[in-house]
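Student: Got a sequence here, can you model it:
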Amino acid sequence: MNITILGCGYVGTALAQFWQNAEHTLTLTTTTTEKIPTLQKISPLVKIVKGSDLDSLISALENQEVVVLTVGARAPNTHRQTYLETAKNLILATQQIPTIKQIIYTSSSSVYGNQNGQDVDEETPLKPANENGKILAETEQLLIQAASEKLAVCILRLGGIYGPKREIQKIFSSAFGTTRPGTGKEITNWIHLDDIVGAIECAQKNRLNGIYNLVNDAYLTTKELFDGLSELHGLPYVSWDASVDSLRAYNSRVSNNKIKSAGYQLIHPQTLS
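Tutor: Model prediction:
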């Protein structure tokens with residue numbers, strides 16, 4: 001397959017490395033020239049592409065069959081340009097390039113917002129907690145509406161991402177030994193980098209279409225997560241102050257049944273292992 005990976009950050013680079021020895025022809029994109037030498041070790045086809053630049057986007061997508069959109073906002077105020085504007089231009093590009101048969105987009109399970117710890121699946125109405133969440137939801141809707149008989153659009157709603165060089169205990173390193181607001185009873189949803197790569201591979205091989213949640217099986221509360229990390233790594237325990245409202249904007253138990261039914265088997269089903 002001819003595949004373009006739009007955005008080679010943490011996820012995109014790992015995916016490119018996974019596909020490096022497959023029989024795919026990979027075109028990799030980045031917005032920073034500093035990354036070019038590293039990416040060229042994976043594929044000689046590396047291009048500087050900004051989603052807001054339709055011409056450069058079209059150039060990166062010519063004769064491609066699959067597009068994986070794994071962009072990430074570098075700052076809180078860049079979500080609209082990074083996600084929504086890129087999606088708009090991607091759709092315009094697909095209208096000019098008939099070879100493209102599938103778009104795979106890595107979204108976020110944060111679009112569910114605070115569901116008071118209730119079970120949610122792909123049919124649950126979204127409750128974005130802030131403006132950036134609304135932009136992510138709007139981006140999803142835009143891409144889904146572009147799907148047709150000739151173009152499959154697969155959206156993977158990722159849990160919190162962890163993996164090599166992004167271990168959870170490092171993500172929350174400043175929390176250990178402190179007192180946090182609330183009770184810590186909010187449900188967490190996480191997914192390992194290996195499973196993101198694996199699920200994208202599954203989506204590409206099976207030409208999946210539609211929205212799929214991608215989280216593991218753990219469903220730990222924040223307190224259970226921190227306590228477990230403290231036990232595993234010998235870190236000071238986190239205390240909780242129930243007299244103060246939690247600052248956490250997300251609290252839902254995100255179902256992963258649909259992606260499993262599509263044939264994907266988790267590599268890391270548990271967060272603490």
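Student: C-alpha from now on. contacts and neighbour counts both.
Tutor: Fine.
Student: Quick check on Thr30: phi, psi?
Tutor: As for Thr30, its main-chain torsions (degrees, to the nearest 10) stand at phi -150, psi 160.
Student: I'd like the distance between it and Leu69.
Tutor: 12 Å (C-alpha to C-alpha, to the nearest Å).
Student: Spit out the residues that contact these two alike.
Tutor: Residues touching both Thr30 and Leu69 by C-alpha atoms under 8 Å, 6 or more residues apart in numbering: Leu6, Gly7.
Student: Go through stretch 124-136 and flag the buried ones.
Tutor: Across stretch 124-136, burial judged by 16 or more other C-alpha atoms under 10 Å covers Leu126, Lys127, Pro128, Ala129, Asn132, Gly133, Lys134, Ile135, Leu136.
Student: ok, which stretches of this structure are helices?
Tutor: Using DSSP state H, the helices of the chain run over residues 10-19, 36-40, 54-61, 79, 86-96, 131-145, 168-171, 193-205, 222-233, 257-261.
Student: could those go into TSV alongside mean pLDDT and distance to Gly184?
Tutor: Converted to TSV, the helices of the chain look like this (pLDDT from 0 to 100; distance: least, C-alpha to C-alpha, whole Å):
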stretch	mean pLDDT	distance to Gly184
helix 10-19	98	28
helix 36-40	97	40
helix 54-61	95	43
helix 79	89	28
helix 86-96	96	36
helix 131-145	96	22
helix 168-171	97	16
helix 193-205	98	25
helix 222-233	98	5
helix 257-261	98	26
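Student: Dump those helices to a markdown table, plus distance to Pro269.
Tutor: Formatted as a markdown table, the helices of the chain follow (distance: least, C-alpha to C-alpha, whole Å):
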| stretch | distance to Pro269 |
| --- | --- |
| helix 10-19 | 18 |
| helix 36-40 | 30 |
| helix 54-61 | 34 |
| helix 79 | 30 |
| helix 86-96 | 31 |
| helix 131-145 | 26 |
| helix 168-171 | 15 |
| helix 193-205 | 9 |
| helix 222-233 | 14 |
| helix 257-261 | 11 |
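Student: Quick check: which of the ones you listed is nearest to Thr179?
Tutor: With respect to Thr179, and counting by C-alpha to C-alpha, the nearest of the helices of the chain is helix 222-233 at 11.4 Å.
Student: mind exporting the closest one as CSV, just the C-alpha atoms?
Tutor: Provided in CSV are the C-alpha atoms of helix 222-233 (Å, rounded to 0.1, in the frame of the first residue of the first chain):
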residue,chain,number,x,y,z
THR,A,222,-7.5,7.8,39.7
LYS,A,223,-6.9,6.7,43.3
GLU,A,224,-6.4,3.0,42.3
LEU,A,225,-4.0,4.1,39.6
PHE,A,226,-1.9,6.3,41.9
ASP,A,227,-1.9,3.7,44.7
GLY,A,228,-0.9,1.0,42.2
LEU,A,229,1.9,3.1,40.8
SER,A,230,3.1,3.9,44.3
GLU,A,231,3.3,0.2,45.1
LEU,A,232,5.0,-0.8,41.9
HIS,A,233,7.6,1.9,41.9
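Student: List the buried residues of it.
Tutor: Those would be Thr222, Lys223, Glu224, Leu225, Phe226, Asp227, Gly228, Leu229, Ser230, for helix 222-233 by 16+ other C-alpha under 10 Å.
Student: List the contacts of that helix.
Tutor: Residues outside helix 222-233 that contact it (C-alpha under 8 Å, 6+ apart) are 169, 176, 183-188, 235-238, 272.
Student: Identify the residues contacting Gly163.
Tutor: Shown in contact with Gly163 (C-alpha under 8 Å, 6+ apart): His192, Leu193, Asp194.
Student: list the contacts for the first one?
Tutor: With contacts defined as C-alpha under 8 Å, 6+ apart, the neighbours of His192 are Ile161, Tyr162, Gly163, Asn216, His268.
Student: and it, bridged to which residues?
Tutor: Tyr162 (DSSP bridges).
Student: how close does it get to Asp53?
Tutor: From His192 across to Asp53, the span is 32 Å (C-alpha to C-alpha).
Student: can you pull the contacts of Ser246?
Tutor: Ser246 makes contact with Arg180, Pro181, Gly182, Thr183, Gly184, according to C-alpha under 8 Å, 6+ apart.
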